[in-house]
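**Student:** Sequence first, predicted model second:
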Amino acid sequence: MSRWIRVTPPTCPGSDMAVIYEVSQVTAYLRELLAYDDVLADIWIEGEVSNLRRPGSGHAYFTLRDSNSSLRGVLFRNSRGLEHLQDGAAVVAHGRVSLYEVRGDLQLIADIIQPEGVGELQMRLEQLTLQLEREGLFDPSRKRPLPDFPTRIGVVTSPTGSVWHDIQSVIGRRWPLVELLIAPAMVQGDGAAPTIVEALASLNAEPDVDVIIVARGGGSLEDLWPFNEESVARAVFASPIPVVSAIGHETDFTICDMVADVRAPTPSAAAELAVPDRAEMIARVIGAAQFIENTVAARVDRAWDEVDILASRVERSVPEMDDLRLRIDDLLHNSQTALTHRVELSRAKVSGLKSALAPLSPQSTLRRGYAIVSPRDSDGILTAPHDVVPGDILDITLHRGGVTASVESTSGDSEHS
């Protein structure tokens, strides 16, 4: 049932005259009526394309017509089906009917164009694809990379079909270290979609599952339809574990493929994408070992070259030992000669000093007739008469011996003399 809006025109108090509306008010009102209509807001229309224009903006403007009527239409750039728009082409267009207020023209704002004759399933697929694309389920920025070395891989498929056997065979040949877990599901028929959603949930509840593969063999659009269901698309989108989708053959394309983190053209290709290749890993390890060996050998060779260079420098920097020995002998001889000469000069100087000091010695003084007088009870030398008193004994030292005398009296200078 369409939703209609009833507008009661206001009237002037005390007057039966109706309110007069402006044109823009009427067109805006009609535009709102069309927007709230459940049929016209989401509609498929078939017709023949005419008056097609493609301005520089990239949008397409056209007219849809049949034998009785025509309707203007616009398909904005980046919408689905621009390639199907040709003058005279019979097409089916999806969109909403609106009113262009500037000219008062009724027009179809299309978001999908399909050739006429496309089945209902294809139109449903296009419509759901457009809806999920607008919601961001296909956004490349949210797609996650697959782990390099998975240990557990879950598989959503039929356990009785060839797909499960092919996946086991490929993974067993390429990377037998991985553990495979199958979550059985129907892959065809009306009740298949809920089993696929349930299988995805069960694998997400398993511990340590690194990748999930959703796979089935080829078939018609009807056969593959469970993988175009909205519930399956949202289950894949909500999976915390990265999902590889491999539905049908390479030319088949489903919504599950577009939502998954990685799309594989076939189930066997999905198995190859999910695990590394053992033979390739062995070759890489051998290559890495050879590279390490070559690198180490090259570094050792460079180190030996550096040692040879340093040894050569050391040999060139070592002085000539014979020359050093001769030089040391010359230095020792010259040192000995200089020391002997210095000692002889010192001896001569000392002898000269002794000769000069000899006349000043006490013995030389005594020899000339002088004497040294010392009071017996004192270690000093008598230098003044007042230092003794009569009766003191004096020791007198002469050049040849000495005498003892007794002081009878003192004369001469006083204490201040």
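**Tutor:** That came through, no problem.
**Student:** which residues in the stretch 201-350 of the chain form helices?
**Tutor:** Remark: helices assigned in the stretch 201-350 of the chain by DSSP state H, counting those that start in this stretch are 230-238, 255-259, 267-274, 278-317, 321-357.
**Student:** Nearest to F62, out of those?
**Tutor:** helix 255-259 (27.7 Å; Cβ to Cβ). C-betas here are computed from N, CA, C, even on glycine.
**Student:** Tell me which residues are up against the helix or strand bottoming out on mean pLDDT in the chain.
**Tutor:** Least confident helix or strand of the chain, by mean pLDDT, DSSP states H and E, is helix 362-367 with a mean of 76. For helix 362-367, the external contacting residues (Cβ atoms under 8 Å, 6 or more residues apart in numbering) are 358, 372, 397-399.
**Student:** Now intersect the residues you listed with the strands, please.
**Tutor:** Taking DSSP state E as the definition of strands, the contacts of helix 362-367 contribute 372, 397-398.
**Student:** Adding neighbour count and pLDDT as columns, could you present those residues in CSV?
**Tutor:** Output for the ones in strands among the contacts of helix 362-367, formatted as CSV (neighbours: other Cβ atoms under 10 Å; pLDDT from 0 to 100):
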residue, neighbour count, pLDDT
I372, 14, 83
T397, 15, 81
L398, 13, 82
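**Student:** Hmm, H59 and L52 touching each other?
**Tutor:** No. The criterion here is Cβ atoms under 8 Å, and L52 misses it with H59 at 11.4 Å.
**Student:** Now list whatever residues contact both of those two.
**Tutor:** By Cβ under 8 Å, 6+ apart, L52 and H59 have no common neighbours.
**Student:** what stretches of the chain score poorly on pLDDT?
**Tutor:** Low-confidence segments of the chain (pLDDT under 70): 1-17, 117-120, 413-417.
**Student:** got the contact list for V275?
**Tutor:** Applying Cβ under 8 Å, 6+ apart, the residues contacting V275 are 150, 153, 171, 174-175, 178.
**Student:** now, which of the residues you listed lie within strands?
**Tutor:** Per DSSP E, the contacts of V275 map to strands at I153.
**Student:** Closest one of the contacts of V275 to T129?
**Tutor:** I153 (28.1 Å).
**Student:** Next, work out how far apart the most centrally placed residue in the chain and A199 are.
**Tutor:** Centroid check for the chain by Cα atoms, centre = their mean gives P145 as the closest residue, at 16.5 Å. According to Cβ to Cβ, to the nearest Å, P145 and A199 sit 23 Å apart.
**Student:** And for I309?
**Tutor:** Applying Cβ to Cβ, the value for I309 to A199 is 69 Å.
**Student:** and the two? which has more neighbours close in?
**Tutor:** Higher neighbour count among I309 and A199: A199, with 22 against 10, using other Cβ atoms under 10 Å.
**Student:** Looks like the more buried one contacts A183 (just checking).
**Tutor:** Yes. Judged on Cβ under 8 Å, A199 makes contact with A183 at a distance of 3.6 Å.
**Student:** Give the residues shared as contacts by these two.
**Tutor:** Here A199 and A183 share the contacting residues V156, scored by Cβ under 8 Å, 6+ apart.
**Student:** Report the contact partners of T254.
**Tutor:** Taking Cβ under 8 Å, 6+ apart, we find T254 in contact with 224, 227-228, 245, 247-248.
**Student:** Leaving out the residues flanking it, which one is nearest to it?
**Tutor:** Spatially, and ignoring its direct neighbours in sequence, T254 is nearest to F227 (4.2 Å; Cβ to Cβ, 6 or more residues apart in numbering).
**Student:** That neighbour against R216, yeah?
**Tutor:** Yes. Between F227 and R216 a contact is recorded at 7.3 Å, counting by Cβ under 8 Å.
**Student:** Touching both of the two, which residues are there?
**Tutor:** Shared contacts of F227 and R216, defined by Cβ under 8 Å, 6+ apart, comprise 187, 247.
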